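Participant: A structural model of the following input is requested.
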Amino acid sequence: MSLFNIFDIAGSGMSAQMVRLNTTASNISNADTVSSSVDQTYRARHPVFATAMNEQMGRQAAGVEVKGIVESNAPLRQQYSPDHPMADERGYVYFPNVNVVEEMANMMSASRSYETNVQIINTSKQLMMKTLRLGST
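Facilitator: The predicted model follows:
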């Protein structure tokens, strides 16, 4: 394994965590949106990650791959509010299936994972620089 693979792996991890942060931000921003039908209501989204192994320029490269973004199939919240302008014919309004507490925990976890990958890159860079200095003395 080349030392440069570390940068590929950490970089792909950072990209994956950015996707996770973006979907979490989207979920939080839509948490209180209201709809008049089940079909039009926003549903929480979550990225799906997988380990990626491929060959690049004659060397094995590993990392994280975003396979896609899936919608949660948790039940939507519905509230009886016949006076609401978005109420359906039965008097219900529908709210997304976003749990803001879970999303905040997910955002903190993604942020910490991103920071960890940044630290890995910085440490690897420092180690490579120290290795180069060994040969100059």
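
Participant: which residues are in contact with the residue nearest the centre of the chain?
Facilitator: With distances taken as C-alpha atoms, centre = their mean, the residue of the chain nearest its centroid is Arg20 (0.6 Å). Residues in contact with Arg20 (C-beta atoms under 8 Å, 6 or more residues apart in numbering) are Pro47, Asn106, Ala110, Ser113. Heads up, the C-betas are built off the backbone N, CA and C, glycines and all.

Participant: now for the helix or strand where the first one lies, which elements pack on it?
Facilitator: Assigned by DSSP states H and E, Pro47 falls within strand 45-56. Packed against strand 45-56 by the contact rule (3 or more C-beta pairs under 8 Å, 6 or more residues apart in numbering; DSSP states H and E) you find helix 4-29, strand 59-71.

Participant: what's the most buried one of these?
Facilitator: Greatest average neighbour count among the helices and strands packed on strand 45-56 goes to helix 4-29 (a mean of 18), per mean count of other C-beta atoms under 10 Å.
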